[in-house]
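1. predicted model and sequence follow; I will ask about them next.
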Amino acid sequence: MNVALGAHVGQQNMSMASMRALWRRLDAQLDWISAWDHLYEAPPQGGTVDHFEALTVLGALAADTERARLGCLVFYVGYRTPGVLAKAATTLDHISGGRFELGLGAGWHEEEVKAFGYSWPGAGVRLDMLDEATQIIRGLLTQPRTTFVGQHFHVDDASCLPAPVQARLPIWIGGRGERRTLRLVARLADGWNSAYISVEEFARLSAVLDGWCATEGRDPSTVRRAVNLSFNLATTTKQATVNTEALRSQWGPEFGRIAGGALLGTPDTAVERILSYVQAGAQDVNIALRAPWDEDALTAYLDEVVPAVRAAATSRGS
């Protein structure tokens, strides 16, 4: 088995200095670092938590790191035109020396969208926007000129120069929708990411994606698959219980789903939990960090769990 281990760092409730120090630390030990595309905190708290914007954060992340792949899981296509996203992705690929990967999605944070003056169409419309945006961005990243006329977006003989450093800058699509999102992945994306779901649900959705790949005439092995797990580990059983209750308070009605896709308990339980996702087909497993977290638990994760997972995955794959 082969697995890449990463961190999805929510750029909230942290100073820029502490976040940049964290990136450098993660870059030395992990394979992937991502930000998220929010204007408010997540989960929603009415815009009461300090929060940085994604594209500007990614520029600093690309400059501050040297080895990890970088991305955003995922950009909401309603915030920027596809052309702007393609230009930004290319720029970030150059800043990072060819390490950037572009994540796209249909959005979910209705509260922030409305607060910042954007319209919030229904899910079907947003998925249509995602479809059009992905096609345009792929064209801009791979073709000398792109023309596309859609219902929501259009470009007219547009170029995107310079080209990305990578011959094919990977595009990820994130989400759990079985009828539209996963079919879009099969048709248009290089990778699929899903967040905070159980091992069983990940395996089930991955099988649905396989089915859509068959429908679209695509080899399913060409779609990379990733899962984000909420990081709620603690170094003691007592603190682990406290963390679980904090997660319950934070997510409310969504707690059951989030907990199903979280690292709970103590670090000694994390290795087999991560390997269960790998066994279910996850090629990338990312911990989602929302400050504050248990710093000792994060240290144990990076220094003990990560090497153990890599060793076990190598051993089981040999």
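-> On my side now, so go ahead.
2. helix, strand or coil: sort out the spatially most central residue of the chain for me.
-> In the chain, the residue lying closest to the centroid (CA atoms, centre = their mean) is residue 73, at 2.7 Å. Here residue 73 is recorded as strand under DSSP: H, G, I helix; E, B strand; the rest coil.
3. in a helix, residue 256, correct?
-> Yes. Assessed with three-state DSSP, residue 256 lies in a helix.
4. ranges for the helices of the stretch 151-300 of the chain?
-> Secondary structure of the stretch 151-300 of the chain by DSSP state H, counting those that start in this stretch: the helices cover 181-188, 199-215, 237-251, 255-260, 270-279, 295-300.
5. in the third one, what counts as buried?
-> Applying a neighbour-count criterion of 16 or more other CB atoms under 10 Å, one finds 240, 243, 244, 247, 250, 251 buried in helix 237-251. (Each C-beta comes from the backbone N, C-alpha and C, glycine too.)
6. tabulate those (JSON lines), appending pLDDT.
-> Output for the buried residues of helix 237-251, formatted as JSON lines (pLDDT from 0 to 100):
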{"residue": "240", "pLDDT": "87"}
{"residue": "243", "pLDDT": "88"}
{"residue": "244", "pLDDT": "89"}
{"residue": "247", "pLDDT": "86"}
{"residue": "250", "pLDDT": "82"}
{"residue": "251", "pLDDT": "86"}
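7. so which of those is the closest to residue 118?
-> Each of these was checked against residue 118 using CB to CB; the closest is residue 251, at 24.1 Å.
8. how close does the closest one get to residue 259?
-> Using CB to CB, to the nearest Å, residue 251 is found at 8 Å from residue 259.
9. anything in contact with each of those two?
-> Residues touching both residue 251 and residue 259 by CB atoms under 8 Å, 6 or more residues apart in numbering: none at all.
10. so what does the helix or strand where residue 25 lies touch, helix or strand wise?
-> Under DSSP states H and E, the secondary-structure element containing residue 25 is helix 16-29. Here helix 16-29 touches strand 4-9, strand 32-35, helix 54-64, going by 3 or more CB pairs under 8 Å, 6 or more residues apart in numbering; DSSP states H and E.
11. list the contacts for residue 287?
-> If a contact means CB under 8 Å, 6+ apart, then residue 287 has 6, 7, 8, 228, 229, 230, 231, 263, 301 as its contacts.
12. dump those residues to JSON lines, plus pLDDT.
-> Output for those, formatted as JSON lines (pLDDT from 0 to 100):
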{"residue": "6", "pLDDT": "98"}
{"residue": "7", "pLDDT": "98"}
{"residue": "8", "pLDDT": "98"}
{"residue": "228", "pLDDT": "97"}
{"residue": "229", "pLDDT": "97"}
{"residue": "230", "pLDDT": "95"}
{"residue": "231", "pLDDT": "96"}
{"residue": "263", "pLDDT": "95"}
{"residue": "301", "pLDDT": "97"}
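13. rewinding a little: highest mean neighbour count out of the helices and strands packed on helix 16-29?
-> Each of those was scored by mean neighbour count; the highest is strand 32-35, a mean of 26, by mean count of other CB atoms under 10 Å.
14. let me see the mean pLDDT of that one.
-> For strand 32-35, mean pLDDT rounds to 98.
15. next one: it to chain centre, how far?
-> Distance of strand 32-35 from its chain centroid, counting by CA atoms, centre = their mean, to the nearest Å, is 7 Å.
16. alpha carbons of it, as PDB, please.
-> Only the C-alpha atoms of strand 32-35 are listed here, as PDB (Å, rounded to 0.1, in the frame of the first residue of the first chain):
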ATOM      1  CA  TRP A  32       0.800  17.700   1.500                       C
ATOM      2  CA  ILE A  33      -0.300  21.000   3.000                       C
ATOM      3  CA  SER A  34      -3.600  22.700   2.000                       C
ATOM      4  CA  ALA A  35      -5.700  25.700   3.000                       C
END
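17. so what does it touch, helix or strand wise?
-> In this structure, strand 32-35 packs against strand 4-9, helix 16-29, helix 54-64, strand 69-76, strand 284-289, with contacts taken as 3+ CB pairs under 8 Å, 6+ apart.
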